[in-house]
Structure formats: C-alpha cells, structure tokens
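Visitor: Take this sequence and fold it.
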Amino acid sequence: MSNVEAEPTEVRCDAPVDGARSADAPRVEILSSRAVPLGGPRAMTVRRTLPQRARTLIGAWCFADHYGPDDVAATGGMDVAPHPHTGLQTVSWLFRGEIEHRDSLGSHAFVRPGELNLMTGGYGIAHSEVSTPRTTVLHGVQLWVALPEQHRHTDRDFQHYVPDPVRLPGAELKVFLGSLAGAQSPVRTFTPLLGAEVLLAPHATITLDLDPSFEHGLLVDTGSVRMAETPLKQAELGYVHPGIDSLTLTNATEEPARAILLGGEPFEEEIVMWWTFIGRSHDDIVQARADWMTGTRFGEVHGYDGDRLPAPELPSVTLRPRRRVC
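Guide: From the prediction side, this is the model:
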C-alpha cells in the first residue's frame, strides 16, 4: 500500500543529529502514530509513524504505515490502482491476508504473511496492489526506503524473499533485510539496512546484538514491549540513536507481542517526499508528476481491472517542506 492521499504534504528530511547515550542506558524516543485514511469513504485507515515532525528518517527508512487487523467485509480491503514511484524502494510485509502485486516491470506476485516483497522504483516504476478475494482480514506494514543520490535513478526491480525463522529462547525472528542474530537476508538494498519481525512469548526477554553504526526503531504491532526498559504500546515506534551495540526487548504481559525492528546507517542526504515520489528538489517532483500524467517514464501495469490513479494537483506555490531535525 502506498501514500495515495488526495492531498499529500511534502516532507523535507535533513541529516540526523547524533544523540546517543551509552550502550548501558540508551535513550528511547517514543513516536506516536497518526491515523491517515487512504482513498474514498470505505478506504482503509493506516497508522503512520514515519515521517513526522519529531523524526523523518531511521537510516534510509523514510515511511512507515501500519494497518489492521482490518475486516475486509467492512472496509472493502485494499484496491490501489496503478500509481508511480521514483527514488525509493517499497517494502511490503504482511501478518494476515494476501495482496496481489502487479508492476510495469512485468512482475505479478502475491504478498503473503512472512514473505517479503521489495520493489525498486529508481528512475520510475508503476504498480497496483489489490487484496485477494480469499482475504478476510488484512494486517501488515508498508515501508519505504529512500535511495541515495548515487542510485536514485537506478533501474526498476522486484525481489521476493521468504526468510527462515530464527528461534531464540522466548522469541522468534524473521530477518527480511540485513543481518541479525546470525541470519542474513540476500535481498539487495542500496544503503546498509536492517528489517526484521520480532515475536516475543509472554514474559520473555531477549537481548539482540546490533550494529553500533546504525540507528534503530521498533514498531509495536501487537501487545506491548519494553525497549531498553522504555514501555511501548501498540502502534508506537521507539527510536534509539547510533552507538548502541545491543538492545534488550521484554514482553511483560500474559499475551504474545509482535514488533518490527528497523535499522540503518544514518542517511545524510536531504530528500523531498510528495505523494508517491521521492526527489531532491521541487523541480524533481514537478517533473515526476508531469511524466506520470503524460504517460511517459513509468511504463504500463497490465492485468489491473480499472484506470490508473491520477496525480493530485501540486500546490500553487513552490514546494517548501518543513525543516526538521531527523
């Protein structure tokens, strides 16, 4: 699922400021989500934790939507018509349900629980996302990764990967990007990244060894989790600065807890996000929108039953994103 808001805001991301404490007492910032409806009156509502005023990047992770469990009979499920992307990779990860993916590279794939679908937009790609008829409940996350300047015009690409579970005492990990707890994902990224699902049994505590050059975020899906002794509720994202070489996670409740652990080297470049595009300037966004509306650059998505999405109107003034420390 993509950021197909009718009136998207532009976001400017500045280089992060290092605020790490010692590994023994990491400072955890708590980022709350905001509800964002996508599409029409029966559309799904997602919980967005990135970007926001307090923080817009965790490594190159620049966008995080968390949705569900969503009763498809009530919401109509997901039906996102063909739409474009530039300058990013999309990461789709489900907990329940199934989504059919089609793109202008010719990929036709399904997103299923525990299976990674990663699409590289680069210079330009288009895709559609539709929940399948057999889906009754839809529940997952949609994440974006900003491409660095050197690679932001790379060729479009699509990768599918099913990680083997890593079982630890009281926990299970699925590492879909990067490396953690001895598991290594083969999926290509353009900056050093970590992405993993973490399932904690009731009253379980685990300590994970981390790359101290990374900053990290933990997005709680179900239950509640203590991140370095800081409690996080469902849909909250806890953030720790670089300099942390281990992280302790605790589930102090009677029910299982699940979270997504994200990490990456601080992304030093300034980016502009608007609608489904990532660029470096106002002119980048204007050109990408024009190319989508004129039918060039992005290619065709075949097999979707319906029209493609038109781009929203640009503001009547030069796009000037809010300045904030990331």
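Visitor: Would you mark the buried spots in stretch 154-161?
Guide: T154, R156, D157, F158, Q159, H160 (16 or more other Cβ atoms under 10 Å). Using the backbone N, CA and C atoms, a C-beta is placed for each residue, glycine as well.
Visitor: in the stretch 1-150 of the chain, which spans are helices?
Guide: With helices called from DSSP state H, counting those that start in this stretch, the stretch 1-150 of the chain shows them at 72-75.
Visitor: can you pull out the strands in it?
Guide: 11-13, 29-31, 34-37, 45-50, 61-71, 79-85, 88-96, 99-103, 108-111, 116-120, 125-131, 137-146 (DSSP state E, counting those that start in this stretch).
Visitor: the inter-axis angle of the fourth one versus strand 61-71?
Guide: Here strand 45-50 points in a direction 160 degrees away from that of strand 61-71 (axes from the mean of the first three to the mean of the last three Cα atoms, to 10 degrees).
Visitor: Which other helices and strands does strand 45-50 contact?
Guide: strand 34-37, strand 61-71 (3 or more Cβ pairs under 8 Å, 6 or more residues apart in numbering; DSSP states H and E).
Visitor: so how far is the longest one from its chain's centroid?
Guide: The chain centroid and the centroid of strand 61-71 are separated by 8 Å under Cα atoms, centre = their mean, to the nearest Å.
Visitor: List the buried residues in it.
Guide: Neighbour-count burial for strand 61-71 [16+ other Cβ under 10 Å]: W61, C62, F63, A64, D65, H66, Y67, G68, D70.
Visitor: What count of nearby residues applies to the closest residue to E115 other than its chain neighbours?
Guide: Counting by Cβ to Cβ, 6 or more residues apart in numbering, V162 is the residue found nearest to E115 once chain neighbours are left out, at 4.9 Å. The number of residues packed near V162 is 10, by other Cβ atoms under 10 Å.
Visitor: Would you mind measuring from V162 to R112?
Guide: According to Cβ to Cβ, to the nearest Å, V162 and R112 sit 9 Å apart.
Visitor: Point out where the stretch 101-250 of the chain drops to low pLDDT.
Guide: Counting by pLDDT under 70, the stretch 101-250 of the chain shows no low-confidence range.
Visitor: would you list the helices and strands packed on strand 45-50 in TSV and tack on mean pLDDT and distance to F267?
Guide: Putting these into TSV (pLDDT from 0 to 100; distance: least, Cβ to Cβ, whole Å) gives the following:
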stretch	mean pLDDT	distance to F267
strand 34-37	90	22
strand 61-71	95	8
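Visitor: could the ones you listed go into TSV alongside distance to T253?
Guide: Below are the helices and strands packed on strand 45-50 laid out as TSV (distance: least, Cβ to Cβ, whole Å):
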stretch	distance to T253
strand 34-37	24
strand 61-71	18
